[in-house]
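Trainee: generate a structure from the sequence data that follows.
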Amino acid sequence: MTNSLPPLTSRAAHICIDMQRIFSAQGPWSTPWLPKVLPQCVALAQHRPEATIFTRFVTSVSPDTARGAWKSFYREWPETTSAILDPALLDLVPELARFAPPAPVFDKPVYSAFAGRKLVAHLLEREIDTVILSGAETDVCVLSSALGAVDHGFHVVVATDAVCSFSDKGHDALLDLFKQRFSQQISAAETAQILEEWRA
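Mentor: Modelled structure (predicted):
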C-alpha cells in the first residue's frame, strides 16, 4: 500500500517508536512481527542516523503509582511494572541501540511520543516539518504518535513494512485507516520508497 509522499528533505526526521527488548521474544509483550520489521527500522536509522529519534515506553513503578485508568492497565500486567521488570528489557533492541548516539532517545510513560513537550520542542528547534514513523505497535503507540504528530501540524509518513503489532487484524486495519481517513496528513509507503525519495 503506497500513496504520494510529502517532500522528504533535510527537514524530515525518522522517529522509531518503542523498538525495545520488552517487545522482543525476550519480553512479556513479545510482538511476533518485530524481527521481520527490524531490518527496515535499521535501514531507516542507518540512512540518516543524525535524523533519527528513538522513543522508549517506560512502564510505571507499580499499579498504585500509575495515573487513572493506567492503574487497571498495570494490574493486568504487573510483571511489566518497573519494580518487577528487568530494567534491561526497557532498552532498545541491540540492532538499533548502536545508533544512539547520535540519535537521541526520548522516554515516555504513555502511548504517544507527542504527549509531552520535549519531543515537540526538539523537532521545532530542528525545523522539522515531516516525521517518518517506524516501530511498535501499529495500532497502539504508532497510532497514538501518528495522530499526535498530525495534531502538531507535522506531515506524517508511516513506513508500512517497518511497523508491527501483536494483532495482525489491528495492524492491517490501521494501515487501511491511515490511507482512507487521513490521506491529507498521513502517507503510507514501504521503506524502499521512503529511502529512494529521502535524498536531500
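Trainee: can you show me the strands along this protein?
Mentor: 12-17, 52-57, 105-108, 130-136, 155-164, 186-189 (DSSP state E).
Trainee: which one of these lies nearest to Pro35?
Mentor: strand 155-164 (9.0 Å; Cβ to Cβ). Bear in mind the C-beta positions are built from the backbone N, C-alpha and C, glycine included.
Trainee: tell me the angle of that closest one relative to strand 130-136?
Mentor: Taking axes from the mean of the first three to the mean of the last three Cα atoms, to 10 degrees, one finds strand 155-164 and strand 130-136 inclined to each other by 20 degrees.
Trainee: for strand 155-164, name the packing helices and strands.
Mentor: The contact analysis (3 or more Cβ pairs under 8 Å, 6 or more residues apart in numbering; DSSP states H and E) places strand 155-164 against helix 34-47, strand 130-136, helix 143-151, helix 168-181, strand 186-189, helix 191-197.
Trainee: show me what contacts Pro63?
Mentor: 71-72, 74-75, 78, 81 (Cβ atoms under 8 Å, 6 or more residues apart in numbering).
Trainee: which one of those is nearest to Leu90?
Mentor: Closest to Leu90, out of all of those and judged by Cβ to Cβ, is Thr81, at 11.3 Å.
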